[in-house]
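1. sequence and computational prediction follow.
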Amino acid sequence: MLMRTAIVTVVAVLWASLVCAQGHGYTPGDIEGGGQLYQANCTGCHGPEGDGVPSVNLGSGRFRRGTTDDELVKIILGGIPGTAMPPSSFSEGQAGTIVAYLRSLADSPVRGTTIPGDASRGKTLFEGKGQCVNCHSVAGVGSRAAPALTEIGSFRRAVELQRSIVEPGAEVRSDSRSVRVVMRDGATVTGRLLNQDTFTIQLLDSNARLRLIEKSSVREFTILKESPMPSYRDTLETQELADLVTYLTSLKGRR
């Protein structure tokens, strides 16, 4: 019951943050796209929570050098002379979606749980009860069936990780998309899509084997909307969830 209450609270606050950002004329798609750009390009300095630079907290909703969205877009595009903030190659539209994402952070929770977690206990859960290594890997240990999590703490916020654990179907990221391929002979292959071009489909099948499939031999190709990851909503206790999230946020890459 406590865990369900915490989950409902997190989802409610996340929805409130979306409504707040939409008050600036942004859509959920803008926020999602901006989040992906931020995670891929900005977390190296600013961190996933927006507080990686001393005296700067992008997740607070207060910015020292700009207040309007247009001012923030100009900062993202032009950088800040005399500081470590360089100009970027984003388009104005892309910079606008990053602003949308930053606006959405202001009213969303900074941490995934309201109780402190323990990374060492979380690691034990990851490798044991949670059976996460059956699909994911950390520093080369584990399965390749799902994305590697070696650096997940460097670009995903704790609240986003928690949501992925308890509600994996809420947001299926591009690197986690599963596909179903039906061959002309009726055989079916399912797995994680890695890439596709004009002639081939590259995926990791359900046994984590790399498959290169010629499109000329395919009868049906479907990108699945649902996440193959199970929900841990009823599997982990509140403390266990906090421990697992803390462990994941500690993963910053090979050391």
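-> Perfect, I can see it now.
2. buried residues, the longest strand along the chain. List them.
-> When the chain is parsed with DSSP state E, its longest strand is strand 188-196. Across strand 188-196, burial judged by 16 or more other Cβ atoms under 10 Å covers 189, 191, 192, 193. Just so you know, the C-beta spots here come from the backbone N, C-alpha and C atoms, and that holds for glycine as well.
3. which of the residues you listed lies closest to residue 79?
-> Among these, residue 193 lies closest to residue 79 (Cβ to Cβ), at 35.2 Å.
4. distance of that closest one relative to residue 156?
-> As judged by Cβ to Cβ, to the nearest Å, residue 193 and residue 156 stand 20 Å apart.
5. residue 40 too?
-> Distance from residue 40 to residue 156, by Cβ to Cβ: 11 Å.
6. quick one: pLDDT of the residue nearest the centre of the chain?
-> Note on the chain: the residue nearest the mean C-alpha position is residue 156, at 5.2 Å, using Cα atoms, centre = their mean. Listed pLDDT for residue 156 reads 86.
7. list the contacts of the nearest residue to it once chain neighbours are set aside.
-> Spatial nearest neighbour of residue 156, excluding adjacent residues (Cβ to Cβ, 6 or more residues apart in numbering): residue 48 at 5.6 Å. Counting by Cβ atoms under 8 Å, 6 or more residues apart in numbering, residue 48 touches 39, 153, 154, 155, 156, 157, 249.
8. repeat for residue 179
-> If a contact means Cβ under 8 Å, 6+ apart, then residue 179 has 190, 191, 192, 193, 201, 203, 221, 222, 223, 224 as its contacts.
9. redo the residues you listed as a markdown table? Include distance to residue 140 and pLDDT.
-> Putting the contacts of residue 179 into a markdown table (distance: Cβ to Cβ, whole Å; pLDDT from 0 to 100) gives the following:
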| residue | distance to residue 140 | pLDDT |
| --- | --- | --- |
| 190 | 25 | 92 |
| 191 | 20 | 90 |
| 192 | 17 | 90 |
| 193 | 22 | 91 |
| 201 | 26 | 95 |
| 203 | 21 | 93 |
| 221 | 31 | 94 |
| 222 | 31 | 94 |
| 223 | 28 | 89 |
| 224 | 27 | 88 |
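10. and the residue of the chain most remote from its centre, what's its pLDDT?
-> Distance from the C-alpha centroid of the chain peaks at residue 185, with 36.8 Å (Cα atoms, centre = their mean). On pLDDT, residue 185 comes in at 95.
11. in what helix or strand does it lie?
-> Assigned by DSSP states H and E, residue 185 falls within no helix or strand.
12. from residue 212, how far off is it?
-> For residue 185, the distance to residue 212 equals 17 Å [Cβ to Cβ].
13. still on that earlier bit, contacting residues around the residue farthest from the centre of the chain?
-> So residue 185 contacts nothing (Cβ under 8 Å, 6+ apart).
14. swap in residue 76?
-> So residue 76 contacts 88, 90, 95, 98, 99 (Cβ under 8 Å, 6+ apart).
15. closest to residue 242 out of these?
-> residue 98 (29.4 Å).
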